[in-house]
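# Next come a sequence and a model predicted from it.
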Amino acid sequence: MYVPECHRIVIHGKVQGVGFRLWLRNVANSLNLAGSCRQLPDGNCEAIVQGERSLVKQFIVACKRGPAEATVERIEVSPQPVDPKLGGFHVER
């Protein structure tokens, strides 16, 4: 049974200048998830991700790891309302 959920994830650590946002897009696309990611003014990365519950959980696990060049210190995950209009996953500039 398809159970959608949406989460806001803030990734703290060395996540700027290491291709983190493009890596997140690739992970989200491979899991067929919708949403976006962007660099925050404080240097951390924010992702909004939506899709089937088990796939969103896989994305969250991937956020804890990050790409090889990144150093993830911690992540914050908070549930968000599901947005039926959200489609695709894109990197915001």
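Looks like it came in fine. Owing to the predicted nature of the structure, the values given are computational and were not obtained by experimental measurement.

# Could you pull out the helices in the protein for me?
Remark: helices assigned in the chain by DSSP state H are 20-30, 53-65.

# Please identify the deepest-packed of the ones you listed.
Of all the helices of the chain, helix 20-30 has the most neighbours on average by mean count of other Cβ atoms under 10 Å, namely a mean of 19. Where you see a C-beta, it was placed from the backbone N, CA and C, and this is true even at glycine.

# Mind giving me the packing neighbours of that one?
Helices and strands touching helix 20-30, by 3 or more Cβ pairs under 8 Å, 6 or more residues apart in numbering; DSSP states H and E, are strand 34-39, strand 45-52, helix 53-65, strand 89-91.

# Reformat those into JSON lines and put mean pLDDT and distance to E76 next to each item.
Below are the helices and strands packed on helix 20-30 laid out as JSON lines (pLDDT from 0 to 100; distance: least, Cβ to Cβ, whole Å):
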{"stretch": "strand 34-39", "mean pLDDT": "97", "distance to E76": "14"}
{"stretch": "strand 45-52", "mean pLDDT": "97", "distance to E76": "9"}
{"stretch": "helix 53-65", "mean pLDDT": "97", "distance to E76": "10"}
{"stretch": "strand 89-91", "mean pLDDT": "96", "distance to E76": "19"}
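
# and V82, which of those is closest to it?
strand 45-52 (6.3 Å; Cβ to Cβ).

# do you know which of the helices and strands packed on helix 20-30 lies nearest G13?
Of the helices and strands packed on helix 20-30, nearest to G13 by Cβ to Cβ is strand 45-52, at 8.9 Å.
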